[in-house]
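[1] The following comprises the amino acid sequence and a computationally predicted model.
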Amino acid sequence: MDTVSVNIFRDNLKKLVEKVANEHTALKVTRRAGEDFIVMSAEDWEREQESLYVLQNSELMRQISGSLSTHTKDSGYKPTDEQLNEIFGI
């Protein structure tokens, strides 16, 4: 993650915001007399929120763990060719 001072951020706002949005890289902005803050695209923020939701949901994490276990043993659910075609839009 790149870091810039609030003064540099202010002077280069458009360029830095475009970089954050286009490259999907967060930017840390430091302030001399206050708390630092992070600038990130809305898309990246939403993805982070989804990840946090999954990680904080113990039941969902158990399901993922169980799925991984059956997948590595090749004993999990196997969709039919018709179901796979529907999933992949063929």
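    Received, thanks.
[2] Show me which helix or strand of the protein is least confident by mean pLDDT.
    For the chain, the helix or strand with the lowest mean confidence is helix 58-72, at a mean of 89 (criterion: mean pLDDT, DSSP states H and E).
[3] Measure how far the helix or strand following it is from the centre of its chain, please.
    Going down the chain from helix 58-72, the next helix or strand is helix 81-88, by DSSP states H and E. Helix 81-88 has its C-alpha centroid displaced from the chain centroid by 27 Å (C-alpha atoms, centre = their mean, to the nearest Å).
[4] And the contacts of helix 81-88?
    79, 90 (C-beta atoms under 8 Å, 6 or more residues apart in numbering). C-beta coordinates here come from the backbone N, C-alpha and C atoms, glycine included.
[5] Next, the buried residues of that helix.
    Taking 16 or more other C-beta atoms under 10 Å as the basis for neighbour counts, none of the residues of helix 81-88 comes out buried.
[6] Please work out which residues outside the least confident helix or strand of the chain touch it.
    The contact list for helix 58-72 (C-beta under 8 Å, 6+ apart) reads 54-55, 76-77.
[7] how about His24, phi and psi?
    For His24, the backbone dihedrals (degrees, to the nearest 10) come out as phi 50, psi 50.
[8] Setting aside sequence neighbours, what's the nearest residue to it?
    Ranked by C-beta to C-beta, 6 or more residues apart in numbering and with sequence neighbours excluded, the top spatial neighbour of His24 is Asp44, at 5.5 Å.
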